[in-house]
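>>> Have a look; sequence and predicted model below, questions after that.
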Amino acid sequence: MHQFFVAPEQINVNDKSVIIVGADVNHVRNVLRMKPGEEISVSNGQDGREYRCGIRSVEEDRIVCELRFMKEDKVELPSRVYLFQALPKADKMELIVQKAVELGVYKIVPVAAKRCIVKLDNRKAVSKIQRWQAIAESAAKQSKRAVIPEVTQVSEFSEAVRMASVMDVRLIPYELAEDMSKTKERMGALRPGQEIAVFIGPEGGFEEAEIALALSDGIEPITLGKRILRTETAGMTVLSWIMYMLEN
């Protein structure tokens, strides 16, 4: 079943109507060639509900649907996971955003760490974030998410540490960390309802001063094994582990 995201005001529960506008109109009418009576799934990207609808009419600038029933979210992770991802080189961030959304991340915070090769000025940052947000929305549709994870503005590392300071669990994979049993123990202690922060470094890893700042603020270092993982692999490894522990 095809899924679409709409703004909350486009769903009227009282009169059981849902209106689809924008680029999705062309997709429904000319790409999917859907007809009145066919069923679709709609989410507003915020409340975690699925709104099951039947198409009532396909118009030039909008798709009018009839709301048939609502389902509470059973797709989202029971905890909010925040990925603090140091900016990688090339187009790796696009892959990271896509896969992180598929794995259930709640929010992605790009981080300008000291060893980041990529340096974004304000103009480039705006363009990149718009692109990453579009990828997040597409991945949310593909994976049948009930919310669209936000890709925030780029933060300095110290700012990211401050942002995470209020979260329940804060983890930072670190190549000098040892003892996989401790990582297993920490992951095994994760509980539904927690806010979980995951810090992933750039190519070359975080600088010692950044690690020192993280540790002084109570962020826990963990090991991901004996092999050094690429930045795009490390985040997916941690998120996969978190998903398994929370949904097991």
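Received it, and whenever you're ready, just let me know what you need. Numbering: from 1, shown residues only.
>>> How about the contacts made by L32?
Remark: with contacts taken as Cβ atoms under 8 Å, 6 or more residues apart in numbering, L32 is in contact with H2. No exception for glycine: its C-beta is placed from N, CA and C like everyone else's.
>>> If you could redo that for K89, that was the one I meant.
By Cβ under 8 Å, 6+ apart, the contact list for K89 reads I117, V118, P202, E203.
>>> ok, of those residues, which come out buried?
Taking 16 or more other Cβ atoms under 10 Å as the criterion, what is buried in the contacts of K89 is V118, P202, E203.
>>> how many other residues sit next to E39?
Counted by other Cβ atoms under 10 Å, the residues lying close to E39 total 14.
>>> how near is it to S17?
Computed as Cβ to Cβ, to the nearest Å, the E39 to S17 distance reads 15 Å.
>>> Kindly reformat the buried ones among the contacts of K89 as TSV containing distance to E150 and pLDDT.
Supplementary listing: these in TSV, determined by distance: Cβ to Cβ, whole Å; pLDDT from 0 to 100:
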residue	distance to E150	pLDDT
V118	20	85
P202	21	93
E203	25	91
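>>> Closest one to A164 out of the residues you listed, please.
Each of the buried ones among the contacts of K89 was scored against A164 by Cβ to Cβ, and P202 proved nearest at 17.3 Å.
>>> where's the closest residue to the closest one other than its chain neighbours relative to T231, distance?
Among residues not flanking P202 along the chain, A86 sits closest, at 3.9 Å (Cβ to Cβ, 6 or more residues apart in numbering). When Cβ to Cβ is the yardstick, A86 and T231 sit 7 Å from each other.
>>> Look at the two and report which has more neighbours.
For A86 and T231, the more surrounded residue by other Cβ under 10 Å is A86, and the numbers stand at 26 against 22.
>>> Check the burial of E60 by counting its neighbours.
With neighbours defined by other Cβ under 10 Å, the count for E60 comes to 6.
>>> which of the residues in the helix or strand harbouring I55 are buried?
Assigning secondary structure by DSSP states H and E places I55 in strand 50-58. Burial within strand 50-58, assessed by neighbour count using 16+ other Cβ under 10 Å, is assigned to E50, Y51, R52, C53, I55, V58.
>>> again with stretch 41-49
Within stretch 41-49, the residues that qualify as buried are S41, V42, S43, N44, G45, G48, R49, counting by 16+ other Cβ under 10 Å.
>>> And the next helix or strand past the biggest helix by length in the chain?
Determined from DSSP state H, the single longest helix within the chain is helix 122-142. Counting by DSSP H and E, the element after helix 122-142 in chain order, helix or strand, is strand 150-151.
>>> which helices and strands does that next one pack with?
strand 107-112, helix 122-142 (3 or more Cβ pairs under 8 Å, 6 or more residues apart in numbering; DSSP states H and E).
>>> Deepest-packed of those, please.
Most buried of these by mean neighbour count (mean count of other Cβ atoms under 10 Å) is strand 107-112; its value is a mean of 22.
>>> So in that sheet, which strands flank that one, and in what orientation?
Taking DSSP bridges as the criterion, strand 107-112 forms sheet pairs with strand 80-86 (parallel), strand 150-151 (parallel), strand 155-156 (parallel).
>>> So which residues of the protein form helices?
Taking DSSP H, the helices of the chain run over residues 23-26, 92-102, 122-142, 157-164, 180-188, 208-216, 231-247.
>>> could those helices go into a markdown table alongside distance to Q10?
Formatted as a markdown table, those follow (distance: least, Cβ to Cβ, whole Å):
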| stretch | distance to Q10 |
| --- | --- |
| helix 23-26 | 11 |
| helix 92-102 | 22 |
| helix 122-142 | 15 |
| helix 157-164 | 31 |
| helix 180-188 | 39 |
| helix 208-216 | 42 |
| helix 231-247 | 30 |
